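In: here is my input, please return the structure:
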Amino acid sequence: MDATQQAVRQQVRMRGRSYVAFVFSPVVPIVSWLEEIDATLAKSPGFFAGKPVVLDLSAVDLSQSAIAHLVGSLGERNIRILGIEGVDESRLGANMPPLLTGGRACAITTVEPQPKPAKPKDKSPSLLLETPVRSGQSIVFAEGDVTVLGSVGSGAEIVAGGSIHVYGTLRGRAMAGINGNSSARIFCQRIEAELLAIDGYYQTAEEIADSLRNRPAQAWLEGEMLRITALN
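Out: Numbers count the residues shown, from 1 in each chain. Predicted coordinates:
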């Protein structure tokens with residue numbers, strides 16, 4: 001049996017892709033033109049980084065060595081030349097970028113961001129509850145502070161992104177600073193809370209000192225410890 005295997009030649013797959021390139025058109029004296037490039041880079045150091053650049057030499061008459069020196073000077077500024085146009089191919093050395101033809105002009109508009117006028121800082125939003133929060137109710141206000149003019153019943157829940165102020169008895173659960181606001185606080189005129197929490201750190205009713213009960217109190221976060229003290 002002839003086991004000879006014939007090699008199968010696969011075709012090379014090629015895809016087309018177009019890029020918008022910057023075209024540099026140097027003018028004499030080249031030294032002054034390079035100074036303008038330096039001024040641009042001083043304002044925006046990474047402006048040309050990773051962007052294709054074509055060197056159009058149609059406006060100048062440079063020798064092969066002068067072209068090589070110009071390409072090298074741009075390279076020292078981290079400007080890599082993709083190709084050169086507007087010059088006879090005989091003036092391009094073997095180690096220079098290739099000669100490009102057929103490029104079409106297009107407009108490149110650079111928009112500098114305009115500084116926006118400073119706006120006065122808005123006060124953090126807050127929620128005011130003029131009636132008591134009854135047992136079983138759950139009040140969630142993640143945007144800011146919650147103020148209750150009455151009491152918070154047993155089994156009720158207040159959840160706030162900021163601080164919590166209760167101008168009555170706090171019997172239910174109060175959770176402040178739920179969005180990572182460790183500076184939030186909890187205030188109440190009479191503490192009988194089932195649970196107090198700030199930024200995820202909490203104390204339950206069993207952990208609240210008996211000396212604080214039925215008294216005005218405040219809670220705040222000190223490091224990773226929830227502190228509760230009486231209000232004078």
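In: in contact with the spatially closest residue to residue 103 that is not a sequence neighbour, which residues?
Out: Spatial nearest neighbour of residue 103, chain neighbours left out: residue 85 (6.3 Å); criterion: Cβ to Cβ, 6 or more residues apart in numbering. The C-beta positions use only the backbone N, C-alpha and C, and glycine is treated the same way. Residues near residue 85 by Cβ atoms under 8 Å, 6 or more residues apart in numbering: 54-58, 99-101, 103.
In: what about the residues you listed, which are in helices?
Out: Secondary structure defined by DSSP state H assigns none of these to helices.
In: so where do the helices sit in this protein?
Out: 30-43, 64-76.
In: other SSEs contacting the shortest one?
Out: Contact analysis of helix 64-76 by 3 or more Cβ pairs under 8 Å, 6 or more residues apart in numbering; DSSP states H and E lists helix 30-43, strand 53-56, strand 81-85 as its packing neighbours.
In: swap the cut-off to 6 Å and go again
Out: Helices and strands touching helix 64-76, by 3 or more Cβ pairs under 6 Å, 6 or more residues apart in numbering; DSSP states H and E: there are none.
In: show me what counts as buried in it.
Out: Using 16 or more other Cβ atoms under 10 Å as the test for burial, helix 64-76 gives 67-68, 70-71, 74.
In: average pLDDT across that helix?
Out: The average of the pLDDT scores along helix 64-76 is 90.
In: what residues does it touch?
Out: By Cβ atoms under 6 Å, 6 or more residues apart in numbering, the residues outside helix 64-76 that reach it are 81, 91, 93.
In: from residue 96, how far out is the first one?
Out: Spelled out, that is residue 81. Distance, residue 81 to residue 96, by Cβ to Cβ, to the nearest Å: 8 Å.
In: got the contact list for the nearest residue to residue 142 once chain neighbours are set aside?
Out: Closest residue to residue 142 apart from its sequence neighbours, by Cβ to Cβ, 6+ apart: residue 161 at 4.2 Å. By Cβ under 6 Å, 6+ apart, the contact set of residue 161 is 142-144, 178-179.
In: can you check residue 51 too?
Out: Contacts of residue 51 (Cβ under 6 Å, 6+ apart): residue 22.
In: cool, and residue 167?
Out: Neighbour list for residue 167: 149, 189 [criterion: Cβ under 6 Å, 6+ apart].
In: may I see the buried residues of stretch 225-232?
Out: Neighbour count says stretch 225-232 has 226, 228 buried, by 16+ other Cβ under 10 Å.
In: so how far is it off the chain centroid?
Out: 37 Å (Cα atoms, centre = their mean, to the nearest Å).
In: go on, stretch 81-98?
Out: That offset, for stretch 81-98, works out to 41 Å (Cα atoms, centre = their mean).
In: what do you get for stretch 209-225?
Out: Chain-centre distance of stretch 209-225: 38 Å, with Cα atoms, centre = their mean.
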